[in-house]
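# Provided below for reference: sequence and predicted model.
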Amino acid sequence: MEIKLISKTPNYLKTCWTAARTCYSADSPIELLTEEKTEEEMLRLLTRIMTSKHLSVVEHCSMTFAVKDVSRTLLAQYSRHRIGVSLSVQSQRYVSEQSAKQTDGLFGHVVPQTVAENAEAYARYMACMKEIQKTYDELLALGVAKQDARFVLPGGACTNFVTTLNLRSFMDVYEKRVTTPGAQWEIKEMMLRMRDLIVAEEPWLEEFIPRS
């Protein structure tokens, strides 16, 4: 798995503060933007907003990530979060998984740690992956289109995608996939890495998106 932050709204804190102040001030957001406020002053207001869960003001901040080599199983889980979440996914219809096009002759796949740590389980898992690769290649050789041959590919097959979220949506997905018990390891790891990237850019969020 590899995650890169492509882009984000500049200055989350000033953006959120301006949006929050606009709701309660006679001044326009144009005027509020010119006010010289310290980080401490802006955080004082944002802490009240975050604590009271009036999170519409953080929807004005967005982030876009490039995600590489995660499983289709993760994608199925992540795509359930639809509000404020955009996705552009590598297509199995058009991108061939033919062995001749793979570096090691086998389509990209994710191996769960519980499988990797068990020698017998790992041997069986890899035998299955190789058999799937063989079947996929054979279907293509028989003239089956990639979009139909892909039906044999497993949930563990790798995919890549670009995703954009607003800050409120990110916090919601993070709560469900990291802080709430029971989330699967792979999507939890992805959200933690995303969190670390955005907190590195906006350190004030450390308090509101704790690393669990």
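Ah, there it is. Numbers count the residues shown, from 1 in each chain.

# how about the strands of the chain, start to end?
Along the chain, counting by DSSP state E, strands occupy 2-8, 62-71, 85-89, 158-166.

# tell me the buried residues in the longest one?
Read that as strand 62-71. For strand 62-71, burial by neighbour count (16 or more other CB atoms under 10 Å) applies to Ser62, Met63, Thr64, Phe65, Val67, Val70, Ser71. All C-beta atoms are positioned from the backbone trio N, CA, C, and that covers glycine.

# would you map out the domains in this protein?
Domain assignment for the chain, taken from the TED database, gives 2-88+158-205, 98-152.

# so how far is stretch 113-126 from its chain's centroid?
Relative to its chain's centre, stretch 113-126 lies at 26 Å (CA atoms, centre = their mean, to the nearest Å).

# show residues contacting that stretch.
By CB atoms under 8 Å, 6 or more residues apart in numbering, the residues outside stretch 113-126 that reach it are Val111, Trp185.

# let's see 10 Å
Leu106, His109, Val111, Pro112, Pro154, Gly156, Trp185, Glu186 (CB atoms under 10 Å, 6 or more residues apart in numbering).

# are any of the residues you listed buried, and which?
Taking 16+ other CB under 10 Å as the criterion, what is buried in those is His109, Pro112, Gly156, Glu186.

# rewinding a little: would you reformat the domains of the chain as a markdown table and include mean pLDDT and distance to Ser212?
Output for the domains of the chain, formatted as a markdown table (pLDDT from 0 to 100; distance: least, CB to CB, whole Å):
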| stretch | mean pLDDT | distance to Ser212 |
| --- | --- | --- |
| domain 2-88+158-205 | 95 | 5 |
| domain 98-152 | 97 | 19 |
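
# now intersect the contacts of stretch 113-126 with the helices, please.
Taking DSSP state H as the definition of helices, these contribute Trp185, Glu186.

# what is the neighbour count of Lys8?
Using other CB atoms under 10 Å, Lys8 has 18 other residues around it.

# and it, what does it touch?
Cys61, Ser62, Met63, Thr64, Phe65, Thr164, Leu167, Leu197, Ile198, Glu201, Glu202.

# rerun at 6 Å
Met63 (CB atoms under 6 Å, 6 or more residues apart in numbering).

# try Pro29
Contacts here follow CB under 6 Å, 6+ apart; on that basis Pro29 touches Thr18, Thr22.

# then the one 10 residues further on?
The contact partners of Glu39, taken as CB under 6 Å, 6+ apart, number zero.

# circling back: for the contacts of stretch 113-126, which one is nearest Cys23?
Glu186 (38.6 Å; CB to CB).

# the closest one reaches Leu74, doesn't it?
Yes - between Glu186 and Leu74 there is a contact at 4.9 Å, judged by CB atoms under 6 Å.

# quick one: the helices in the protein?
Under DSSP H, the chain gives helices at 12-24, 29-33, 39-51, 72-78, 113-116, 119-141, 146-149, 167-174, 185-201.

# most tightly surrounded among the ones you listed?
helix 167-174 (a mean of 21; mean count of other CB atoms under 10 Å).

# tilt between it and helix 185-201?
Relative orientation of helix 167-174 versus helix 185-201 (axes from the mean of the first three to the mean of the last three CA atoms, to 10 degrees): 140 degrees.

# phi, psi of the most far-flung residue of the chain relative to its centre?
Relative to the centre of the chain, the most outlying C-alpha is that of Ala26, 38.3 Å out, by CA atoms, centre = their mean. Main-chain torsions, Ala26, degrees, to the nearest 10: phi -70, psi -20.
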